[in-house]
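>>> Sharing a model prediction with you, sequence too.
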Amino acid sequence: MEVPELPEVETVANGVHDRIHGLTVEQVWTSNKPQTFKSPPQEIVETLTGARIDGVRRVGKTIVADLSRGGEKAQFLIHLGMTGRLLVSAPEVPHPPHTHAILALSNGQELRFVDARRFGRLSVSKESYGGPGTEPLTISPDAFVALFKGRRTPIKAALLNQSLLHGVGNIYADESLFRAGIRPKRHAGRLTRAELLRLRIALIEVLEHAISLGGSSVSDYVDADGVRGFFQLEHKVYTRTGEPCLVCATPIQKITVGGRSTHFCPVCQR
DNA sequence: AGGAACTCCTGATGGC
DNA sequence: TGCCATCAGGAGTTCC
């Protein structure tokens, strides 16, 4: 799987929701890797144990499990980082390497968090989690334009800034900039209103397209044996360095912007 | 306070 | 074949 961004996280959240909503957490195990746990592991165990999972959804790149226990509400927050996976498995299925949390559920199955690279994070919250920024899929045109006003940072870096829009990562930043015809290094605050409106539409279209591809594979995503497969959006620029642009055949260039590999067409993007 | 650099991690990859 | 260096990247931290 690609590094999980908004569409992938939404697909995982929906798949996990279908499998575990309405179930109760009976027992919780956590690994001893401190970096994985944003809340103290003991607090995670105490909050989850005995709680009913009312539903699972996405906020930004974070998976939110809404919990209730004796009238008390709480949330279990899962950020997949780069390599995090959520698996719903039968207990007899061997634990994959790098398993960091296991929730034993009231239907006898287990929800497992597996993360090789440990950029993922688990936490619990009693406050309602709203995410660091604004949802790109529902932001109004005026609000979108206002986000970038006065910003001297490259538009690519601004797209990756989760406190502005949350959910956009490296792939969809590059892909949306290509579709909008905007160079990644352009200063965010210097883009015209028309360019920003184009970017908003391009971003929404590319995210929704990826979600629709994921939607068709939701039922296969979380499996007793783990991940069976995942959708692959056809990239127009991402990781296509040196290959011909699909519009004008100019070789796709790769540069670094905001510390991240960035791919663009020097002719189609201005 | 905004912006950029640095850091955490390990699997995959490529060179020799 | 095997070893080692390099790369990938989300987001928290630190520094200017």
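Thanks, I have the structure now. If you're wondering where the values come from, they're calculated on a predicted model, not measured in any experiment.
>>> could I get the strand or helix carrying A:V64 in CSV with only the CA atoms?
Assigned by DSSP states H and E, A:V64 belongs to strand A:62-69. Provided in CSV are the C-alpha atoms of strand A:62-69 (Å, rounded to 0.1, in the frame of the first residue of the first chain):
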residue,chain,number,x,y,z
THR,A,62,-6.5,9.8,11.7
ILE,A,63,-8.8,6.9,12.3
VAL,A,64,-11.3,7.7,15.1
ALA,A,65,-13.1,4.9,17.0
ASP,A,66,-16.0,6.4,19.0
LEU,A,67,-16.3,4.6,22.3
SER,A,68,-19.0,4.5,25.0
ARG,A,69,-18.9,2.9,28.4
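>>> Write out the residues of the stretch 1-150 of chain A neighbouring DNA strand C.
Within reach of DNA strand C by C-beta under 7 Å from any atom of the strand, the stretch 1-150 of chain A has these residues: A:V3, A:E5, A:G60, A:K61, A:T62, A:H79, A:G81, A:M82, A:R117, A:F119, A:R121, A:P132. The C-beta positions use only the backbone N, C-alpha and C, and glycine is treated the same way.
>>> Now for these: which two are most distant?
Maximum pairwise distance among these (C-beta to C-beta): 21.3 Å, between A:R117 and A:P132.
>>> Just checking the distance from the strand holding A:V64 to the centre of its chain.
The chain centroid and the centroid of strand A:62-69 are separated by 16 Å, computed with C-alpha atoms, centre = their mean, to the nearest Å.
>>> Sheet-wise, list the partners of that strand with their directions.
Neighbouring strands of strand A:62-69 in its sheet, by DSSP bridges, are strand A:52-59 (antiparallel), strand A:72-79 (antiparallel).
>>> Which of A:R117 and A:P132 has more residues huddled nearby?
A:P132 (15 against 10; other C-beta atoms under 10 Å).
>>> ok so, going back, just the buried residues from the residues of the stretch 1-150 of chain A next to DNA strand C, in PyMOL please.
Only the buried entries of these go into this PyMOL selection, using 16 or more other C-beta atoms under 10 Å:
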select buried, chain A and resi 5+60+61+62+79+81+121
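>>> and of the residues of the stretch 1-150 of chain A next to DNA strand C, the nearest to DNA strand B?
Nearest to DNA strand B, judged by C-beta to the nearest atom of the strand, of those is A:R117 at 4.0 Å.
>>> Regarding stretch A:118-137, how distant is the last residue from the first?
Using C-alpha to C-alpha, to the nearest Å, one end of stretch A:118-137 lies 28 Å from the other.
>>> any bit of it sitting next to DNA strand B?
Yes: Stretch A:118-137 reaches DNA strand B (C-beta under 7 Å from any atom of the strand) through A:R118, A:F119.
>>> How is chain A partitioned into domains?
Following automatic domain parsing, one gets these domains for chain A: A:6-125, A:141-264.
>>> Need those in a markdown table (columns: distance to A:R270 and mean pLDDT).
What follows is the domains of chain A, written out as a markdown table (distance: least, C-beta to C-beta, whole Å; pLDDT from 0 to 100):
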| stretch | distance to A:R270 | mean pLDDT |
| --- | --- | --- |
| domain A:6-125 | 26 | 94 |
| domain A:141-264 | 6 | 86 |
